[in-house]
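Peer 1: Got a predicted structure plus its sequence, pasted below:
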Amino acid sequence: MKISGTTKLIGILGRPVAHSLSPKMQNAAFEAMGLDICYVPLEVAPEDLENALRGLSAMNFLGANVTIPHKVPTAKMLSRLEGAALITGAVNTIVNQNSSLVGHNTDGAGFIRSLNEVADIDFQTSAALLFGAGGAARSLAVALAESGIARLALVNRTLEKALAIERLLKQHFPELTTSVQPPGEVNEELYASSKIVINATSIGLEGDLKMPFVAVDRLTKDHVVCDIVYTQSQETPFLSAARGKGATTLGGLGMLLHQGAAAIQLWTGIEPPMEVMRGAIES
Ligand code: NAP
């Protein structure tokens, strides 16, 4: 990569951020696109977030991605939000428009695009079972609702967080049928009637299954099972177990890829080279 006097900057704000695959993926895309843009990791403490955002504007960054733990606080600090960021109250992409920072959220759309790559789903007649109610689950719930999913079951250890997502969905998507339950109360009927089963909790990255609340025995070849937790080298134990049951499986790298591609479109207006990006995160 050549850095010159005219190189434009895009950052990823997070803490920790060193593990992120985004710099590798996004820089590979910009290089292949022949754009004079460099994408840099920016480790920012929560108490410095407001200053960091001002800095993006002051230093004329083209924009930024935002990751844990800044997605929700960032949404409260920007003067304008668009699309999914408005509904979810969380930002994963910032576009600098003439020194005004505009917040977007491409996580949910990225998930739906990656889902469409592995399965042909008729959302209008399908139901989804979503484990987790953190920031990522909130984006997924909204994206599934926007895609027209017929029924969405929200399952979380802390019930209040799942209920908060349900309230959000009822406000924006009154036609959608929803339910909320604690992990121990997901019954056989709910598994059987849910085409899509998603882990959007942050557990299960390595080692044992560590997810006693997911009844893997109830997964079948008719399920599409997604784990948005991503590992570069191997699939998560949850996905391995689901694959063992014959289910169609989807790991988190697809969502990472597509949310990143959607962000590049927002910054540049140009469709990025997906295969270059995919190669960068898989190598
Ligand atoms: P978050 O806001 O911290 O939410 C964490 C979720 O996991 C909550 O629902 C939490 O339940 C649940 N959880 C954590 N430990 C648990 C345990 N021991 N037992 C039961 N539930 C537990 O995190 P997030 O931002 O939503 O991210 C979730 C995961 O998605 C992370 O691993 C993140 O890396 C991944 N992610 C992937 C992508 C991608 O592009 N593939 C994008 C965004 C996020 P409680 O509410 O009860 O605490």
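Peer 2: Yep, that arrived. Numbers count the residues shown, from 1 in each chain.
Peer 1: use CA for all of it now, contacts and neighbours both
Peer 2: Will do.
Peer 1: Just want the most central residue of this structure.
Peer 2: The centre of the chain sits closest to Asp107, judged by C-alpha atoms, centre = their mean, with a distance of 3.4 Å.
Peer 1: near the ligand, which residues of the protein?
Peer 2: 132-137, 156-158, 161, 200-203, 228-230, 252-253, 255-256 (C-alpha under 6 Å from any ligand atom).
Peer 1: is it fair to say Ala145 lies in a strand?
Peer 2: No - counting by DSSP: H, G, I helix; E, B strand; the rest coil, Ala145 falls outside a strand, being helix.
Peer 1: what about Ile10, which helix or strand?
Peer 2: strand 8-14 (DSSP states H and E).
Peer 1: Could you name the helices and strands sitting against that strand?
Peer 2: strand 37-43, strand 63-66 (3 or more C-alpha pairs under 8 Å, 6 or more residues apart in numbering; DSSP states H and E).
Peer 1: Return the most buried member of those.
Peer 2: Among these, ranked by average contacts under mean count of other C-alpha atoms under 10 Å, first place goes to strand 63-66 (a mean of 27).
Peer 1: partner strands of it, parallel or antiparallel?
Peer 2: Here strand 63-66 has these sheet partners by DSSP bridges: strand 8-14 (parallel), strand 93-97 (antiparallel).
Peer 1: contacts for the longest one?
Peer 2: Right, strand 8-14. Residues outside strand 8-14 that contact it (C-alpha atoms under 8 Å, 6 or more residues apart in numbering) are 22-23, 36-45, 60-70.
Peer 1: With Val95 as the reference, measure out to the residue nearest to the centre of the chain.
Peer 2: 15 Å (C-alpha to C-alpha, to the nearest Å).
Peer 1: Same question for Pro237.
Peer 2: For Pro237, the distance to Val95 - C-alpha to C-alpha - is 36 Å.
Peer 1: Who has more neighbours out of those two?
Peer 2: Val95 (24 against 18; other C-alpha atoms under 10 Å).
Peer 1: close enough to count as contact, the more buried one and Leu266?
Peer 2: Yes - if you go by C-alpha atoms under 8 Å, Val95 and Leu266 touch, sitting 7.0 Å apart.
Peer 1: mind listing the helices in the protein by residue range?
Peer 2: Secondary structure of the chain by DSSP state H: the helices cover 22-32, 49-58, 71-77, 84-88, 107-118, 135-146, 159-172, 188-193, 237-244, 253-268, 274-282.
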